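Chemist: Below is the sequence, then the predicted model.
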Amino acid sequence: MKLFSSLPKKDYQTSIGTKKLSNFYSFYKKNLQNKQTSNVKFDKQTTLIEASIQVFDDPDSLWVFLHSNNKINPFKLLADNSTTFIIQNEINTSFNPLTSNTGYYDSGVTFTVPIGTILTTYSGVTGASWSYSSVGNFDLNGPFTIVEKSNSYNLSVTVKPRKNLSNQTDIIIPGTDGSSETEQFVFITKGTTYSALNNTFYNVNTIKYTKGVYSQENSSKTSEIFIPEGGPEPSETDPVFFAGGGGTVTTKTIEENAIQKIKNINVIVPSSVSSSMSSFITPKYKA
């Protein structure tokens, strides 16, 4: 605010009189080279106003954080708070769908579906062909959930939690895999209308979303694959990924990444702020 108040003033004629305002067509040219900075740790649990008070003892200096890091959007500067992120996301479940019959896919095939697809329990066809219960192979009154994330790399999906009203248990429970004999599910996908994919499936490699894979790095540290959609560790990895890496891989989970991601932010120290914008430019326009 002090720097803005230092801009040249211009008289503006308004219906309530003449106002002398800072000339907002003028601007400071950035110069961040060789400026003294300090390293601070903040995440989204702290607002930039709070960070500004801690670092500069001035709530109006929050813009310096953006200025120091060449950012415009303040909401993209700070990382998610790891504790909040884990609590909000560990309730989601990731797994590989494995077909239990032959339909669109052959039996025994792992596949994935688009985000927003509905997952519900399979219900066999009953009643006459014109009966409501004979259509779709699913029960709209039964438990269901929504696909939150879809991962084509490891062919997994992540679903939101949804309780079965009869026994208050999750449809798919982390740590337990289904089987084609005991529990079958169906995906209801959206086209011109919602319809059931003509494959039933059961869940395998079922884990909490936060325990899923975030990244993999080969042992030579020459290649790294990022998998922000999470999901179980893929059974096969592209051979190119292991080139020169000795065939081993280091895996980081979604949870581990969130904990390590507390963002270190470089910010110009108060004594260097003015000199970082010492070049003052005022465009001149011809009337």
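Modeler: Looks like it came in fine. Numbering: from 1, shown residues only.

Chemist: And Thr282, what's its pLDDT?
Modeler: We have a pLDDT of 55 for Thr282.

Chemist: do the one 5 residues further on as well
Modeler: Per-residue pLDDT puts Ala287 at 45.

Chemist: change the start of the numbering to 712 and stick with it
Modeler: In the new count, where the first residue is 712, that last one comes out as Ala998.

Chemist: Show me which residues of the helix or strand containing Val915 are buried.
Modeler: Taking DSSP states H and E as the definition, Val915 sits inside strand 912-919. Using 16 or more other Cβ atoms under 10 Å as the test for burial, strand 912-919 gives 912-914, 916-919. Where C-beta positions appear, they are placed from N, C-alpha and C, glycine not excepted.

Chemist: Please produce JSON lines containing the residues you listed, extended by pLDDT and distance to Ser931.
Modeler: As requested, these are exported to JSON lines (pLDDT from 0 to 100; distance: Cβ to Cβ, whole Å):
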{"residue": "Phe912", "pLDDT": "90", "distance to Ser931": "37"}
{"residue": "Tyr913", "pLDDT": "89", "distance to Ser931": "38"}
{"residue": "Asn914", "pLDDT": "91", "distance to Ser931": "35"}
{"residue": "Asn916", "pLDDT": "91", "distance to Ser931": "27"}
{"residue": "Thr917", "pLDDT": "91", "distance to Ser931": "32"}
{"residue": "Ile918", "pLDDT": "92", "distance to Ser931": "28"}
{"residue": "Lys919", "pLDDT": "93", "distance to Ser931": "31"}
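
Chemist: Asn807 reaches Tyr913, doesn't it?
Modeler: No - between Asn807 and Tyr913 there is no contact under Cβ atoms under 8 Å: 9.9 Å.

Chemist: And the helices in the stretch 712-861 of the chain?
Modeler: Secondary structure of the stretch 712-861 of the chain (DSSP state H, counting those that start in this stretch): helices at 713-716, 759-767, 774-779, 793-800.

Chemist: Please identify the most buried of those helices.
Modeler: Ranked by average neighbour count under the criterion mean count of other Cβ atoms under 10 Å, the helices of the stretch 712-861 of the chain are headed by helix 774-779 at a mean of 19.

Chemist: still on that earlier bit, what element comes up after the strand holding Val915 heading to the C-terminus?
Modeler: With elements assigned by DSSP H and E, the helix or strand that comes after strand 912-919 is strand 924-929.

Chemist: quick one, which of the helices of the stretch 712-861 of the chain is nearest to Gly827?
Modeler: Nearest to Gly827, of all the helices of the stretch 712-861 of the chain, is helix 793-800, at 17.9 Å by Cβ to Cβ.

Chemist: what helices or strands is that closest one leaning on?
Modeler: Packed against helix 793-800 by the contact rule (3 or more Cβ pairs under 8 Å, 6 or more residues apart in numbering; DSSP states H and E) you find helix 965-971.

Chemist: Name the residues of the helix it packs on that are buried.
Modeler: 965-966, 968-969.

Chemist: picking that back up, okay if I get the buried residues of strand 912-919 as JSON lines plus distance to Val775?
Modeler: JSON lines is the format used below for these (distance: Cβ to Cβ, whole Å):
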{"residue": "Phe912", "distance to Val775": "53"}
{"residue": "Tyr913", "distance to Val775": "55"}
{"residue": "Asn914", "distance to Val775": "49"}
{"residue": "Asn916", "distance to Val775": "47"}
{"residue": "Thr917", "distance to Val775": "47"}
{"residue": "Ile918", "distance to Val775": "42"}
{"residue": "Lys919", "distance to Val775": "39"}
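
Chemist: Nice, that's everything, thank you.
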